[in-house]
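*Asks:* Provided below for reference: sequence and predicted model.
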Amino acid sequence: MSTRTHLELGRSGGHFLARISLGVPRPDNPYLPFVPKMMATPIGDHPIVGIFDTQIRARLHDIFAGTDWSHISVVRIGYPGQRPSECPATILVAVRPNTLGVEKAAGLVHVAAAFVYGFTRLRDIAIEIIEADVVPHSDDTLPDRKHFDEALCATPPIGAGLGLSDSRSTGTLGGYLRISTAKKSKYVALACHQVLSGIERESTCATLALLRIQRQAGTLDQNGRQRLHLSDKRVKDGEEKCEKIARFQNHLGKVYCTSGVGVTDGWISDWGLVELAQERFPSFDNLSTALSSEVVDYLRGHYQDAESLTIHGGIASQKDLVAASSGRLDDSHKNVVFKCGRTTGNTRGVLNSIISSVRMSYGDNVPVVGSALVVLSPSETSPTGPGSPGCGSAPVFGRKGDFGSLVFDYRGKVLGIYVGRQNEGPNREDYKVNPPITPPYFDGIHFVSPIGSTINGIRAAVRDDPTFGGLDVDVEFLWGPSE
């Protein structure tokens with residue numbers, strides 16, 4: 001392998017600000033003349049797994065301290081269907097759009113390369129800087145018919161939509177918990193802070209507004225007419241759903257407490273609790289956070305490595321987490337994860353061997369810096385994979401509205417809570433600093449907060465509840481009648 005660094009700049013036609021390597025080429029596109037989105041896949045059993053946290057992460061934080069970075073991750077990058085050996089191991093540094101120029105990015109990857117390539121076993125790694133944000137996303141659109149009906153049943157299952165009564169923004173009902181002392185108990189539903197606190201991000205319909213003006217002026221083309229037709233159809237469907245909501249007593253409870261914007265035990269923290277209304281739930285005995293038999297059957301029918309899933313529930317231990325993310329081939333069956341989300345439903349991903357450093361943006365651009373588990377969603381396991389190479393769709397583990405979902409390990413035990421994803425980014429024309437740069441050219445990077453730190457945060461927060469008199473409380477998930 002060459003000992004001379006090879007620098008590539010985004011303005012020369014790539015989809016990154018800068019990329020540097022010791023002659024490691026970018027993967028060949030096997031789908032030419034089509035240009036599908038590339039994808040991030042697990043780093044696997046690579047020498048960097050054993051030394052990144054202890055010897056590399058802190059130095060990279062120092063190098064990129066002067067930038068508005070959003071996440072620092074170690075993955076492989078390639079095209080759908082390619083083997084790991086065909087996808088270069090890559091230290092990926094994402095910066096928020098319009099905050100870093102190409103020339104400065106080039107200087108930063110040179111500094112990073114001088115440090116990283118001092119480790120002789122890491123000379124097969126590329127270093128890339130891309131433009132991408134990390135945000136938690138609620139959704140202000142009504143869910144599809146199946147997930148809509150789930151929210152309007154007597155006992156909403158995990159994965160149902162949940163939101164404030166005075167807001168259209170919704171997330172996902174992750175699970176049910178009991179908070180108790182020896183004498184008193186409260187039953188709560190687990191969701192995400194962003195939805196229950198009312199933090200909403202900007203969203204616009206400028207494109208549709210322009211199309212309607214063109215329709216009135218008689219200048220709308222066929223493609224524009226089709227887009228408006230689909231939009232009008234969604235509006236009508238939404239009106240029918242709103243009528244159903246008006247006839248249903250859908251009060252779930254009241255907001256009890258949330259994590260706020262911050263970290264717990266060094267991990268990104270984003271959770272919220274709804275104290276369940278007694279009139280909605282005459283009995284709490286049947287509440288369950290476990291995967292239902294219907295969900296397990298669905299996942300087993302779609303994914304070969306879902307055979308170990310059970311409906312018994314439980315929480316994955318730290319030991320389980322280490323084994324799942326070890327990257328060893330003999331543990332490869334243990335790193336698959338599953339979730340039930342309000343938007344994308346029952347999906348599968350793969351846990352990466354190295355956690356990410358994440359700077360997440362909340363309302364009013366409040367940054368939160370911490371760590372997060374990384375779930376990647378290769379296209380061959382995604383229910384909405386790329387299809388034909390030219391269609392341009394991307395692998396999907398979760399989308400807007402899925403945040404707050406619990407993430408389960410290969411056995412159906414709770415691993416963590418889904419807190420964010422690499423944003424797809426604005427449209428190309430919205431990039432001002434680097435106009436030749438397109439939005440992120442790959443998808444499928446998702447962030448999860450471990451359930452242990454989430455429970456620790458909940459336990460610390462509810463200690464201030466006068467109901468419990470300052471006593472230590474038990475926080476436990478509910479697993480249904482068989483618990």
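*Replies:* Structure received.
*Asks:* which residues does the nearest residue to Gly457 once chain neighbours are set aside contact?
*Replies:* Counting by Cβ to Cβ, 6 or more residues apart in numbering, Gly457 lies nearest to Thr264, which is 4.0 Å off, once chain neighbours are set aside. Yep, even glycine has a C-beta here, placed from its N, CA and C like the rest. Taking Cβ atoms under 8 Å, 6 or more residues apart in numbering as the criterion, Thr264 is in contact with 449, 453-454, 456-457, 460.
*Asks:* List only those of those residues flagged as buried.
*Replies:* Burial by neighbour count, judged by 16 or more other Cβ atoms under 10 Å, picks out 449, 453-454, 456-457 from the contacts of Thr264.
*Asks:* Among those, which one lies nearest to Asp472?
*Replies:* Closest approach between the buried ones among the contacts of Thr264 and Asp472, by Cβ to Cβ: Asn456, at 12.4 Å.
*Asks:* hang on, isn't that closest one packed against Asp265?
*Replies:* Yes. Proximity of Asn456 to Asp265 meets the contact threshold set by Cβ atoms under 8 Å, at 6.0 Å.
*Asks:* just the contacts of Thr264 now: which is nearest Leu122?
*Replies:* The closest of these to Leu122 turns out to be Ser449 (Cβ to Cβ; 28.3 Å).
*Asks:* Would you confirm that the closest one contacts Asp265?
*Replies:* No. Ser449 lies out of contact with Asp265 (Cβ under 8 Å); the separation is 9.6 Å.
*Asks:* okay, Thr155: pLDDT?
*Replies:* pLDDT, Thr155: 81.
*Asks:* same check, this time on His229
*Replies:* His229 carries a pLDDT value of 67.
*Asks:* one step back: output the contacts of Thr264 as a markdown table; include the columns pLDDT.
*Replies:* Output for the contacts of Thr264, formatted as a markdown table (pLDDT from 0 to 100):
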| residue | pLDDT |
| --- | --- |
| Ser449 | 94 |
| Ser453 | 93 |
| Thr454 | 93 |
| Asn456 | 92 |
| Gly457 | 92 |
| Ala460 | 88 |
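*Asks:* Among those, which pair sits farthest apart?
*Replies:* Longest distance between any two of these is 14.7 Å, between Ser449 and Ala460; criterion Cβ to Cβ.
*Asks:* sorry, back to before: and of the contacts of Thr264, the nearest to Ser269?
*Replies:* For the contacts of Thr264, the minimum distance to Ser269 (Cβ to Cβ) is 5.2 Å, reached by Gly457.
*Asks:* any idea how far Gly469 is from the closest one?
*Replies:* Gly457 is 21 Å from Gly469, where distance means Cβ to Cβ, to the nearest Å.
*Asks:* Equivalent analysis for Gly349, please.
*Replies:* Counting by Cβ to Cβ - Gly349 and Gly469 are separated by 42 Å.
*Asks:* Comparing those two, which residue is more hemmed in?
*Replies:* Higher neighbour count among Gly349 and Gly469: Gly349, with 27 against 9, using other Cβ atoms under 10 Å.
*Asks:* and the more buried one, bridged to which residues?
*Replies:* On the basis of DSSP bridges, Gly349 takes part in beta bridges with Val337.
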